[in-house]
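J.: got a predicted structure here, sequence first:
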Amino acid sequence: MKITKSVVDRLAPNTFVWDQGLIGFGVRRQLRSAFYLIRYRVGGRQRYYTIGRHGDLTPDQARREAQRLLGQIAGGVDPNAKIEAGIFGDAIERYLAHARSRLRPRSLVEVERHLCRYSAPLHSLGLSAITRRDIANVLTSYEGFTRNRVRGSLSAMFTWAVKEGLVDANPVVQTWKLAEPSRERVLADGELRAIWLALPDDDYGRIVKLLALTAQRRDEIASLQRNEIVEGMLVLPASRTKNKREHTLPLPTQALALLPKGEGQLFRFNNWAKAKARLDAAAGVSGWRHHDLRRSAASGMAELGVLPHIIEAILNHYSGHRAGVSGIYNRAKYLGEMRAALQKWADHIERVCKQ
């Protein structure tokens, strides 16, 4: 397949396309943007080099640059050589290529933002020359949750750099990590009703309703694939769950009614911040996060008399009743109990929203 603008525009998140005319030239779409790249071998080792972002470059411009770079490689010049010389800004894309197979798409977008935007003062510095003071100076620009997440992304990158032999130590170690209060927000029935009734009739609205009905994680629902719906059940592969365990969840009738028709990825949505702000204004409810719907569902099911081990099964948690030796020997999936519990919870939400 030849890489064209229409091919790139149709590319699904977290997928590659390789050009059949120019071997080694490809394009990869992340959650929001697509990037042109080349794939080549040096010393028997397969390597990647990012050319640039789709939109900044046209497919023809990217192909010409790929031809130039592949010609240099044939002459013995490795475009990744300057990265290995140890400049922080040049090493970011190589680190992101490493992290891409290990992180969920949403997490990858956040890490990219932390490193490419929030850590910009470090971009021109040599990796081995960056000190704890340099890291601290970057972190002082941010507070609370944001500071800690930027710190975490930097620490993960330097841990990778140590293992790659690019630096001898991680300078993020022993910088301050701010204490964060644990979140305990449980939405009251009135708040759930206000949010539900204010949701738009679009993919964002359907995703949020499914979060409320199923108690699953946001990215698990937002990236839902048609082949993950099997005989009225949600079947998530281990690669798509936080704890890397396959998760089977019977869906209540209200949730099944929200699933759109079609194949592939069921929802096309990623503008969370703006959509959430509009929802808060329309519902008159603020100070909550999408993840609070998961906690609220778990708490609500408990109040309806659902047993703790059934709630843990719904949440795909392996703690408490499902942890330890008892969890190893008790392999019951509780599908019937989970179906009854989720249907009871969905019926409760339906009654609340009709009041």
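T.: Done, it's in.

J.: going by C-alpha atoms from here, please, whenever you check contacts or count neighbours.
T.: Will do.

J.: contact partners of stretch 108-119?
T.: The contact list for stretch 108-119, computed with C-alpha atoms under 8 Å, 6 or more residues apart in numbering, reads 30, 31, 89, 92, 96, 99, 100, 138, 149, 150, 153, 154.

J.: what residues of that stretch count as buried?
T.: 108, 109, 111, 112, 114, 115, 116, 118, 119 (16 or more other C-alpha atoms under 10 Å).

J.: how far away from the center of its chain is that stretch?
T.: With C-alpha atoms, centre = their mean, to the nearest Å as the basis, stretch 108-119 stands 13 Å off its chain's centre.

J.: renumber starting at 753 from here on
T.: Right, with 753 as the first residue, what we last looked at is stretch 860-871.

J.: send me that stretch as CSV with only the CA atoms.
T.: Provided in CSV are the C-alpha atoms of stretch 860-871 (Å, rounded to 0.1, in the frame of the first residue of the first chain):
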residue,chain,number,x,y,z
LEU,A,860,1.6,7.4,26.3
VAL,A,861,0.1,10.7,25.3
GLU,A,862,0.6,12.0,28.8
VAL,A,863,4.2,10.9,29.0
GLU,A,864,4.9,12.5,25.6
ARG,A,865,3.5,15.8,26.9
HIS,A,866,5.5,15.6,30.1
LEU,A,867,8.8,15.0,28.2
CYS,A,868,8.3,17.1,25.1
ARG,A,869,6.5,20.2,26.6
TYR,A,870,6.9,20.3,30.4
SER,A,871,10.6,19.2,30.4
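
J.: and that stretch, average pLDDT?
T.: Summarised as a single mean, pLDDT over stretch 860-871 is 92.

J.: ok, then the element right after the strand or helix carrying residue 949?
T.: Assigned by DSSP states H and E, residue 949 belongs to helix 941-950. Toward the C-terminal end, the helix or strand that comes next after helix 941-950 (DSSP H and E) is helix 955-966.

J.: quick one, that following helix and helix 941-950 angle?
T.: 150 degrees (axes from the mean of the first three to the mean of the last three C-alpha atoms, to 10 degrees).

J.: measure the residue nearest the centre of the chain to residue 1024 for me?
T.: Most central in the chain under C-alpha atoms, centre = their mean is residue 858, positioned 2.3 Å from the mean C-alpha point. To residue 1024, residue 858 is 11 Å away according to C-alpha to C-alpha, to the nearest Å.

J.: same thing with residue 1050?
T.: In terms of C-alpha to C-alpha, residue 1050 sits 23 Å off from residue 1024.

J.: where does the prediction get shaky in the stretch 753-902 of the chain?
T.: 833-837 (pLDDT under 70).
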